[in-house]
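# heads up, no residue letters with this:
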């Protein structure tokens, strides 16, 4: 759908950044997220296929938090390597618009320097440490993005992530949570637990065909 059709629903500065980046159209999960209250600070659980546009939903929430709500954003990923990747991506796209930091190292430090940054990319273990160290900038956080939120079901990482979400919601009652995943078995139940609007969509940019590879030949269903 054309970006211009949503101009009245998108804060002016956010809309301006999207235009500068060359966006002309929005994908289904993005339009659904806007209609479900993305710019009204409602929490969202976005469950759509890989490459369907989930990351831009997170970016819209980030831009809204920084430019409109004048607060900070924490982007949580499960792995340090992924944190580095996201940091490079966001620096390339938004370095001239706001200040971006990564915090994924020593989990026994408060990293007080993060008070000077708008977007902080970190792992769930590191954020857990920052909360326990009572980092003084946490009260300025408006949005937390939880990438790969289906890892709540992972035996090793799930408990930390669950406790982290519980602590964040208690610490920041007005927090907007944006959960992202391509694979959630019970999205309705998870959305209810998060007190979030569910954004469910099956559109993907490339058709997915299933087949069986045998004797150097693929037979599609």
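Everything's here; your move. What you see is a predicted model; the values in this text were computed from it and never measured.
# Tell me how far residue 169 lies from residue 126.
For residue 169, the distance to residue 126 equals 19 Å [C-beta to C-beta, to the nearest Å]. All C-beta atoms are positioned from the backbone trio N, CA, C, and that covers glycine.
# Name the residue in these two with the higher neighbour count.
The neighbour comparison of residue 169 against residue 126 (other C-beta atoms under 10 Å) goes to residue 126, with 22 against 16.
# Run through who's touching stretch 38-47.
Stretch 38-47 has contacts (C-beta atoms under 8 Å, 6 or more residues apart in numbering) with 9-11, 14, 29, 33, 36-37, 54, 57, 60-61, 64, 68-69, 142, 149, 174-182, 184, 187, 190-191, 194-201.
# try it again with 6 Å
Residues from elsewhere that reach stretch 38-47 (C-beta atoms under 6 Å, 6 or more residues apart in numbering): 29, 33, 54, 57, 60, 64, 176-181, 184, 187, 190-191, 194, 196-200.
# now the helix or strand containing residue 59: mean pLDDT?
Secondary structure from DSSP states H and E places residue 59 in helix 54-63. Computed over helix 54-63, the mean pLDDT rounds to 96.
# From the contact counts, what lies against it?
Helices and strands touching helix 54-63, by 3 or more C-beta pairs under 6 Å, 6 or more residues apart in numbering; DSSP states H and E, are helix 28-35, strand 176-181.
# go again using 8 Å as the cut-off
Judged by 3 or more C-beta pairs under 8 Å, 6 or more residues apart in numbering; DSSP states H and E, helix 54-63 is in contact with helix 12-20, helix 28-35, strand 44-47, strand 72-77, strand 141-147, strand 176-181.
# now the protein, which segments are flagged as low pLDDT?
Low-confidence segments of the chain, defined by pLDDT under 70, span residues 106-110.
# can you map out the helices along it?
Under the criterion DSSP state H, helices of the chain are mapped to 12-20, 28-35, 54-63, 80-94, 124-132, 158-171, 187-194.
# List the contacts of the residue nearest to the spatial centre of the chain.
The structure's the chain has its C-alpha centroid closest to residue 145; by C-alpha atoms, centre = their mean the separation is 3.4 Å. Listed by C-beta under 8 Å, 6+ apart, the contact partners of residue 145 are 58, 61-62, 73-76, 178, 180.
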